[in-house]
Every structure is written in C-alpha cells, then in structure tokens.
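Peer 1: Build me a structure from this.
(chains A, B and C)
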Amino acid sequence: MRGAVEEELAGLPLVDHHCHGVTTAGLDRAGFEALLTEGGPWPGSDVSFFDTPVGIAVRRHCAPLLDLSRHSPADVYMARRTELGAREVNRRFLAAARTGVFCVDTGYAPPGGTSPGQLAAAAGAAAFEVVRLERIAEAVARAGVEPDAYAGAFRAAAEAEVRRPGVVAVKSVAAYRTGFALDPTRPADAAVTGAARRWFAGGGGRLADPVLVRHLLWTAVDLGLPLQLHVGLGDSELRLPRSDPALLTDWLHLTAGTIPVLLLHCWPFQRQAAYLAAVFEQVHLDVGLALHHVGPSRAREVLAAALEVTPFRKLLYSSDACGPAELYALGALAFRQALAGLLQDLVDADEMARPDAVRFARWAAADNACRVYRLSAPS
Amino acid sequence: MRGAVEEELAGLPLVDHHCHGVTTAGLDRAGFEALLTEGGPWPGSDVSFFDTPVGIAVRRHCAPLLDLSRHSPADVYMARRTELGAREVNRRFLAAARTGVFCVDTGYAPPGGTSPGQLAAAAGAAAFEVVRLERIAEAVARAGVEPDAYAGAFRAAAEAEVRRPGVVAVKSVAAYRTGFALDPTRPADAAVTGAARRWFAGGGGRLADPVLVRHLLWTAVDLGLPLQLHVGLGDSELRLPRSDPALLTDWLHLTAGTIPVLLLHCWPFQRQAAYLAAVFEQVHLDVGLALHHVGPSRAREVLAAALEVTPFRKLLYSSDACGPAELYALGALAFRQALAGLLQDLVDADEMARPDAVRFARWAAADNACRVYRLSAPS
Amino acid sequence: MRGAVEEELAGLPLVDHHCHGVTTAGLDRAGFEALLTEGGPWPGSDVSFFDTPVGIAVRRHCAPLLDLSRHSPADVYMARRTELGAREVNRRFLAAARTGVFCVDTGYAPPGGTSPGQLAAAAGAAAFEVVRLERIAEAVARAGVEPDAYAGAFRAAAEAEVRRPGVVAVKSVAAYRTGFALDPTRPADAAVTGAARRWFAGGGGRLADPVLVRHLLWTAVDLGLPLQLHVGLGDSELRLPRSDPALLTDWLHLTAGTIPVLLLHCWPFQRQAAYLAAVFEQVHLDVGLALHHVGPSRAREVLAAALEVTPFRKLLYSSDACGPAELYALGALAFRQALAGLLQDLVDADEMARPDAVRFARWAAADNACRVYRLSAPS
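Peer 2: Predicted coordinates for the structure are as follows:
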C-alpha cells in the first residue's frame, strides 16, 4: 500500500528543469546502448551497457511499457522497440514520465533529437528553452570578429538568444572546459581581448580558455537569467576533481544577490552542492542524470545525501534525459520513488508531519522550478 | 522496545567536548532562524530555515519540550518560546540534553551568549573552556607589538590563556583562514617576523596569512594542550575543498607524539577524518554540528560513515551548539539515537557483543573525551 | 533462509585478484594487532586494534573457526591462536575463504610471509604473481646503472620479471609516491635521464620522482600486462587527496586501447572509481581491503556506492589480505555477504531478475578477473 506522499507525487506533473531532446529516429542495439551510457561506444568491447544499473532499470521498468514482461532480455527489448517504432515508443515513455514542463538545453542534441517544441508536442506538455553559453560564444568566434569586439559581440548574441520567446535560463559547461577552480573575479576588458586573440589564433573551436570561461560566467550574471551549471557526473571529457562545485565559493560570494544558480547532477559531489545550497541564497541543486544512472533502488541514497543540509526550497527535479525516451520515464520514476520513499519514511517514523512532506514533495516536483524560472504551475 | 545500548546511552550524561554559549536573550522568528542555519540571514528571501532538516527536527523534537504537540507550526513554536521566556526555554532544552560536561569554545559567542560558567549553571553541569588561538593572535596584533616580537608575544599570551583555570584545550579555525594545504614545517623566525610585518602593515585584523597560520598550529604544539580543528561544515566563509583534513597528513607526521588532535564536524569529509583517526595515534574526531543539521533520521548514516575505519577510542561527542538552546538538545538527541541505533543493530545482528557495544557507547559518550582532556567522568 | 544469490555466491570459489603472502610465523598479541591495522603500531598507546570494526569482525567471525564462541575476548582469541599454531590457523582461515585463485602482489610481504606457491599450497588453490614496478625500478637503481641507461635497464628488468611463469599483472603504488596529479604524457628520454641522475645522486632509495613515476606508468603500458593501481585506503604514508583516481583521467585518455587498469581498494573514492569504470573501457575496480576494514555489516554500503554506475563487467574481488590468515577469510566473507545481500535485495524487490543477479555474482566473484588476467576459471 502506498503512503500519502507516494500518492501525492504519483499524481503530480513534474517540471523537468533540465533535459535534452528525444531521439525521433529508430535505434539499433548498438545505437541504443551508446545513448544509454556516459561512456562508450567501445567498439570491439564485449561489455554491454545493458549490464549496468541503468540497463537493468530499462529492462525492469521500461519493458512493461512496451507490453513486455519485466526483465525481458535486451534483444527482445530492442526487437519490440523496433516493432513499435520510435514515434509510439516515445509517446509511451513520455506519457509515463508525467512531466508537465520541460526546460530543454538546446546546446547539445542527440542524433535526430527533437526541438523543445517537438518534445512538447510529443509529450503533450509545455517546453521552454535553456541556452548554452559556450555554444553562443563559439558561434561568435566562428562567425569572425576582432578580438577586442569579442566581449561585446558575445554579449549581444547572448542577449538576442535569451530574448527569444520561451528561453528561461542559460547554461554553462564550465565544469568540462576548465573546471571551477577559476579566478572568481570579472576579467578586465584587456584580458578578455588578449584571450580572444589567442583563441582565434588557435583557430577558435572549443572554448576552454580560463579567462574566457570566467568572462562567460560573468556574462551570465549580466544577462540576469538563472544559470544552470553542469556539476559532476558526465562523460570521459570531464575532469571530475575540477567539477567540485565548492570550488565556486569565491565566485558565489562575488555574485550573491544577482542570478539564481542551479547545480545540475552533482553526483558524487551531492554533499558539496548541498552545503552551497545551505549557505548561499542563490544556489539550488538537482541530482538529475545520477538518479537514472544509479537506478531506482540506489537513487534514494543519492537523493538523501543531496538533501542532508539542503533547504527544501532548493531541490529541483531534472531528468537530464537525452536521446532514448526511456530516460525521461526512468528519470521521473527514480525521482518520484526516491523522494516519496524518503519523505514517506520520515512521516511513518513521525519525524515529519504529513502536510510538510506533501508540501516539500510539491516544491521539489514543480514549485521550486516555477519559482526560479517564473513559470506557471504545470497541469 | 528499546534495546540495551539505547537504554545505556539514554542514561549516560554526555561530555560535549565542543560547543559555544547559549543565547540568554529572547529571540524573534528572524533572529531564531538566523541562528538555526550556517547560511543566512537572507534578507528579503522567502526561504524559511524552518524548512530544512534541522528546522523540521526543531518542530518535531523540541516542540514537545515546550508543551506543544509534535510538528507544531513555526509561528506557534515561536509564540510559545516567547511566552515561556529564554530562561525557562534554556532550562528545559539544556536539561533534555543530559550533558554533564561542556567544553566551551569561547572564541565565538552568539549574541547574548553565556560564558562557560553561566552555561554550566543553567545546565546544572560542569563547564571547561576551549581557547581559540586566532582570537589570541589577533588580540596581540591589535594591542600593538613589533613584528619581530609577535611570535614571543603570541606565545606568551596563549600560555597565559591556557594557564587559566578550566581551560582544557585550544582550537584553531585554520580551515577557514587558509585551509589545510599548508607547508607543514615549522616556519623560521624570520619568516614569521616578515609575515607579521605584512599583516600589521595591512592593519592587522583577521589572521589569514599562511605563514602565521602555520606558526599558530606549531604554537599549539608548544602549548601542549589538545588541539581542536574545525573541519568541513561551516558557514559561507569556508572554502570546503581546502578543509579536507587529509591535507594535514604531512603536519600530522611532523607532530606525531606531541598533542592530541580533535577533528570537529568533519562532514562531508567523515571518511577522510576516519582514515586519519585510523592511521595516526593522536587523531580523534566527532561529527558534531553535522548531526543536528542533517536531522536525527539521517544522522545515523553520517555517523556510520565516520565510524567505518575509526577505532572506537577515537570518537567523541560534540553538539557544536551555539545560540538557541534547542541545538544542545538536538545535538545530544541525534548523537544518542544515531550511535545507539547503529550499535544496537550490530548487537541484534550478532555482529557485536552487547558488552562491547555498551563499552563503545560509554567511550564515545564521555570516556574518550575525559581521556583526551584529562577530565573526571560526569555524574 | 538464504536467497538464491547468497547460495550461489557461497558455493563459488573466488578469484582474489590482489593479495599478499600469509604470515607463517606465530604472532603475539602486539604483532597480531600491528598486522590488523593500517595504522600503528603505536608503542605506549592503550588503544587496541581489536577495538575497531575489523577487530570486532575478527572476534565475531574468526573466533568460531578456532572453535571459540563468537565475540570471545581478544586474549582468549590470541591464546587459542597460539595453541593451534600458525600452520593450523592458516589452514582453517584459508579454507574458509574458499578462494580458488590468488594473485599475489610480491612487492610487499609481511614478516615471514609466504611466496605465491606457498600460499597456493597452504590454501589448496592456484596462485599467480603480480609484480610491483617500483620494487623493480629501485632494484635497478640499487644495482647501479648510468642515468642514461636507467630507462632501458628498468624496461629490461621489468620484461624479465613479467616473462617469469605465473606473472599475470604489474602493480604500481604511484598513489603513495607522487599521487595521481601527474603530467599524463610519456616523459622524454632526456627528462628520464635527468631525473634518474638526480635520484641516483640522492642515493637512490625510494622512487618518488614525478618524472620517474610517470615513466614507470608508461613502462607498464609498454609491458602490455594489466596494471593494478593502489587507490585510496592505505597506511599513513599515503596522502589521501592525491590518490583520487579521477586525477588519472588525462592519462587514461592517452592510454585508452592499451592495457587494462585495475583500481584497487578505492575507498573513500569508490564513486570516483565507479565513474572511471563507467566511462573508460579499460578501467576496472575492486573495494578490497576496505571491505574487511569497515567490517561485514558496513561492507555493503561501501560496495553499493562502488557499484552505483559501474558496469557489472568491471567489478572484481580482492581481499588485499596481508599477514594474518584471518584477513583472507574476512575479506571473502565481507565480499560474499555484501554482494549477495545487495543483489538479493534487488531480486526480492523485483528490481533485478534472479538469473541476472546470479550472472553478475559469478562475474564479480571470478569471471571478470579471469577475463582480465586470461585465467582459467577456478574449481
């Protein structure tokens, strides 16, 4: 028998404040596995990404949504997936996610991925857009600009992007590019120009210069929208130790009182993120991506650590789903189960009153995101 | 039905080897919330610190001690608190803490906070004093001294302080000032003089020079008393990555065989602290502050991680309570529940014999602290 | 009643892919305690290493194997140990470990420790050898060689060692010597010669030069055998923050597609190790040493964290036992209990199918190691 909090969360449409587009193309097994992992593809390897916690969760929780029995073998699963076709598969999993609002990071899309509008249509939901700042900066460099005009051109391009309808936030992958152990101060104009000159002389491309990454983070402050920051868990391009969010402390001091900051994923730095959410008013966090990668049974411990000192106003939901529609469903499932289980146990142990638990569940499921991004509640 | 270890711990008066004074002034809601958190106050924010794990714990566990029902709303709680008055509120919570000995860090006091003697009187307990070395060094600078006389003057002032009756330990907040990634060697006299000159030239104030912080830690060695070190969890002035206690390894090698070292709080570096306690004879630890911030229901996991490799002789209890009397009661409650639950489960699973569990409970509750600080057992 | 996974794991002979020799000498209490810990001996201390999680586990799980009652006092335990004699004690504990294959790190042996062949004979098992590269390099330096001939001489000596029958892997303790925050590139010949010159001028001895440690890791790549790397938990010579395995990311990129890398112990960096195993095909991990140090009751949480994102093909078993035969038995017990408990719970919650759980148990117990080291399955 489910408890009150589980009932409440099961019935609530979620606001997924950070995800990517869903793949509309059909996927063969190799293609599916490659999108199921932050590693791989590993050509020639006999390691299957079905033999991971997330792979096990797909066979357990997604197979029944394709009319298969629980734990169906991978090949059976893939055959049924192909049989139903991408459109029907996506429809089923997006419906299962019961997500009312998607905030879509358009800075990275999977092969054949939907736009925010297409995702919204497929899910019968609303969609907003999160603009990735590195992509804008790199487009400015690619378009060609004098080094001393880079700062202004980037700012103008970013302002144009965020003024588009439906854009609710910006995002940075600074964690990937330089990590967070940056000089926290706003770089001087001359320093930005010099760094842009070196960047362009090197042919532009991937923005990874520490001065320009700092400048990008300060441009986010100027833009005034909430800033999403990738933290922790990612692919092999990450240098995990440099993505400890507590390395941002000085920058958070300097920018306190300006924009909301949203720490994404956070694993294995959940406690560091929680500390920041406890001591900086502007800091919020989620454990998206991590929840479905660790699987529903372990998601609870990951979430519990993230909540150890986090004010309940600061926890948001995201799936960080990207590609296979399964990930939207699994992310939502893992979040609902983990949060409900955790709160319900507190209620059952009389450590928390039921109305408080329900209130905090509503906050994390949707209200906190609506508050940060100034959205209407999903229906 | 409670098990034998729970009975044992419930009956034991604790030695709280690190806390601060209790606020004797009445507190309004804003004032109370500000003292409940390591963040804030956040003027203008609609985030209430009652909506945090520690806030939930106050409504659950403290409300009944004010004759209210469990989970009473925050405003009801505050009204009753005001009605009873600070003296009666403090009396009730301090009695509930069942703490026989307080070791009070007098280096930081909350507004209207008690002296050790006043805390002892209010609690019907004994109190000792822990002297904060940065405060002494800063007073020496403020009083005015030539740079080349700073080392001697600081040493003399510290010796005078620790010779006062009731002083049992010194404390450093090096974690806040420079972090622990310091040159571990004792600085040369000339280096100290040079650093003091720069410090005084800058107007004195907050001691944060790496040479002077090193010198302070080595002065602690000379003083010969146990040294308490803030580790991990704290307010936004902390730089969490620099407070990893394992960064002290070289210094612990150089000072092995001299003074006991007490790692305070430790979260989220409980395992790093446990490692140090396992491999350095002089290192001890507690998870004070963290236990009541994460709340009684999560305190057990925090403590369990801290005990993974820690010799049972090395765990101490502290509340790190500061300000509201609730925190003394909650710290004690979280510690008793977490430790008893953990040990009782081991006994119930026949992984530990009951007499061993009771012995370890006694050690952590009081004996280990009495041993380190050469105190009599509380009664 | 035990579940299917527990039955399966109980019946499986393990491959212990990393351990050391067992002590054949009798041990008095001080000698036994010193080998039970990564700390100590602490002469003059009244802290007993029996009063630690691993000490409690010895009294609980090992005493019955010596015909004593569970939780027998330490002195009773030691007396019985002496009475039976080392040969009989070792026979009993090695039999209890039910380990079919030992891969023995011969780079460090406890006092009176067995060779791989002697361990195999005592256990009725097969044994292979893991060659420690630092030992070879230091022997080359000791034997005397010109600095510009060091690289070639080390390579030749290592090749001779790994060509010996029964050698299946090499090991490095780079974590202890420099940590992993090294320049990841292969050092130029001239740099190696210069570093060797400085090393020899300093009298040789312990290899801890960053250039030479890098060179050693790249020599491992040239040798082509799997490379075991000490990570995390160890004695006080470690500098824990420098042993975060994620600091190896750049080196793992540069060496992808060459040799398998085995991360040993990993605690408290289990999640960092798991991330690497998830995103680098060549990375595998174990939580040996940690499992018996934290004790069987806590081993499960340690293992669960290590498995959060780890492909099931990447988990191996090791005891890292060294010295007292108890540690082989305890390591195996903790591993079997933790893995079986974790998988069985997933099966019982219908989160994993029983055949999958059994398959993953077999993989971790033996198959994964056989695959990496090209061994036959133990019988």
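Peer 1: what's the neighbour count on A:Ala127?
Peer 2: A:Ala127 has 23 neighbours, counted by other Cβ atoms under 10 Å in any protein chain shown. Yep, even glycine has a C-beta here, placed from its N, CA and C like the rest.
Peer 1: Following the chain past the helix or strand harbouring it, name the next helix or strand.
Peer 2: A:Ala127 is part of strand A:126-132, with elements assigned from DSSP states H and E. Remark: after strand A:126-132, the chain's next helix or strand is helix A:133-143, criterion DSSP H and E.
Peer 1: who touches that next one?
Peer 2: A:107, A:150, A:153-154, A:157-158, A:161, A:170-173, A:177, A:196, A:199-200, A:204-207, A:212, A:216, A:219-220 (Cβ atoms under 8 Å, 6 or more residues apart in numbering or on different chains).
Peer 1: Go ahead and measure how far it is from the middle of the chain.
Peer 2: Distance, stretch centre to chain centre, for helix A:133-143: 21 Å (Cα atoms, centre = their mean, to the nearest Å).
Peer 1: In that helix, which residues are buried?
Peer 2: A:Leu133, A:Glu134, A:Arg135, A:Ile136, A:Ala137, A:Glu138, A:Val140, A:Ala141 (16 or more other Cβ atoms under 10 Å in any protein chain shown).
Peer 1: likewise stretch A:256-276?
Peer 2: For stretch A:256-276, using 16+ other Cβ under 10 Å, the buried residues are A:259-276.
Peer 1: same deal with stretch A:223-239?
Peer 2: For stretch A:223-239, using 16+ other Cβ under 10 Å, the buried residues are A:223, A:225-234, A:236, A:238-239.
Peer 1: from those residues, which single one is nearest B:Asp183?
Peer 2: Distances from B:Asp183 to those, taken as Cβ to Cβ, are shortest for A:Arg239 (26.1 Å).
Peer 1: can you give me the helices in the stretch 51-200 of chain A?
Peer 2: A:53-57, A:74-84, A:86-97, A:116-123, A:133-143, A:150-163, A:174-177, A:189-201 (DSSP state H, counting those that start in this stretch).
Peer 1: JSON lines please, covering those helices and showing mean pLDDT and distance to B:Asp350.
Peer 2: Listed next are these as JSON lines, based on pLDDT from 0 to 100; distance: least, Cβ to Cβ, whole Å:
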{"stretch": "helix A:53-57", "mean pLDDT": "98", "distance to B:Asp350": "31"}
{"stretch": "helix A:74-84", "mean pLDDT": "98", "distance to B:Asp350": "41"}
{"stretch": "helix A:86-97", "mean pLDDT": "97", "distance to B:Asp350": "44"}
{"stretch": "helix A:116-123", "mean pLDDT": "96", "distance to B:Asp350": "52"}
{"stretch": "helix A:133-143", "mean pLDDT": "97", "distance to B:Asp350": "56"}
{"stretch": "helix A:150-163", "mean pLDDT": "98", "distance to B:Asp350": "62"}
{"stretch": "helix A:174-177", "mean pLDDT": "98", "distance to B:Asp350": "46"}
{"stretch": "helix A:189-201", "mean pLDDT": "98", "distance to B:Asp350": "64"}
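Peer 1: my guess is A:Pro111 meets A:Gly21, correct?
Peer 2: No. Using Cβ atoms under 8 Å, A:Pro111 and A:Gly21 do not qualify as a contacting pair, with a distance of 9.9 Å.
Peer 1: How about the closest residue to chain C within the stretch 251-379 of chain A, nearest residue that isn't a chain neighbour?
Peer 2: Using Cβ to the nearest Cβ, the single residue of the stretch 251-379 of chain A nearest to chain C is A:Pro268, 3.6 Å away. Spatial nearest neighbour of A:Pro268, excluding adjacent residues (Cβ to Cβ, 6 or more residues apart in numbering or on different chains): C:Arg271 at 3.6 Å.
Peer 1: Which of the three states applies to the one you found?
Peer 2: Under the three-state scheme (DSSP: H, G, I helix; E, B strand; the rest coil), C:Arg271 adopts helix.
Peer 1: and it, how far is that from B:Phe269?
Peer 2: Here the criterion is Cβ to Cβ, to the nearest Å. By it, C:Arg271 lies 14 Å from B:Phe269.
Peer 1: For A:Arg164, grab the count of nearby residues.
Peer 2: 9.
Peer 1: swap in A:Leu343?
Peer 2: 28.
Peer 1: Any chance of the buried residues of stretch A:223-239 in a markdown table with distance to chain C, pLDDT and secondary structure as columns?
Peer 2: As requested, these are exported to a markdown table (distance: Cβ to the nearest Cβ, whole Å; pLDDT from 0 to 100; DSSP: H, G, I helix; E, B strand; the rest coil):
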| residue | distance to chain C | pLDDT | secondary structure |
| --- | --- | --- | --- |
| A:Leu223 | 31 | 98 | helix |
| A:Leu225 | 30 | 98 | coil |
| A:Pro226 | 27 | 98 | coil |
| A:Leu227 | 24 | 98 | strand |
| A:Gln228 | 21 | 98 | strand |
| A:Leu229 | 18 | 98 | strand |
| A:His230 | 14 | 98 | strand |
| A:Val231 | 13 | 98 | strand |
| A:Gly232 | 8 | 97 | coil |
| A:Leu233 | 7 | 97 | coil |
| A:Gly234 | 8 | 96 | coil |
| A:Ser236 | 4 | 97 | coil |
| A:Leu238 | 7 | 97 | coil |
| A:Arg239 | 5 | 98 | coil |
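Peer 1: can you tell me which helix or strand A:His17 belongs to?
Peer 2: Short version, using DSSP H and E: A:His17 is in strand A:14-19.
Peer 1: Packing partners of that strand?
Peer 2: The elements that strand A:14-19 packs onto, with contact taken as 3 or more Cβ pairs under 8 Å, 6 or more residues apart in numbering or on different chains; DSSP states H and E, are strand A:99-105, strand A:261-265, helix A:326-348, helix A:368-373.
Peer 1: close enough to count as contact, A:Leu263 and A:Pro245?
Peer 2: Yes. The pair A:Leu263 / A:Pro245 is scored as a contact, 5.3 Å apart, by Cβ under 8 Å.
Peer 1: which regions of chain A sit below the pLDDT cut-off?
Peer 2: Across chain A, the ranges flagged by pLDDT under 70 are A:1.
Peer 1: For it, which residues are neighbours of chain C?
Peer 2: A:37-40, A:42, A:45-49, A:51-53, A:56-57, A:59-60, A:70-71, A:233, A:235-236, A:238-241, A:267-268, A:293-298, A:301-302 (Cβ under 8 Å from any Cβ of the partner chain).
Peer 1: Buried subset of those residues as a ChimeraX selection?
Peer 2: In ChimeraX, a selection of the buried entries from those looks like this (16+ other Cβ under 10 Å):
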select /A:37,38,39,40,42,47,48,49,51,52,53,56,57,59,60,71,233,236,238,239,240,241,267,268,293,294,295,296,297,298,301,302
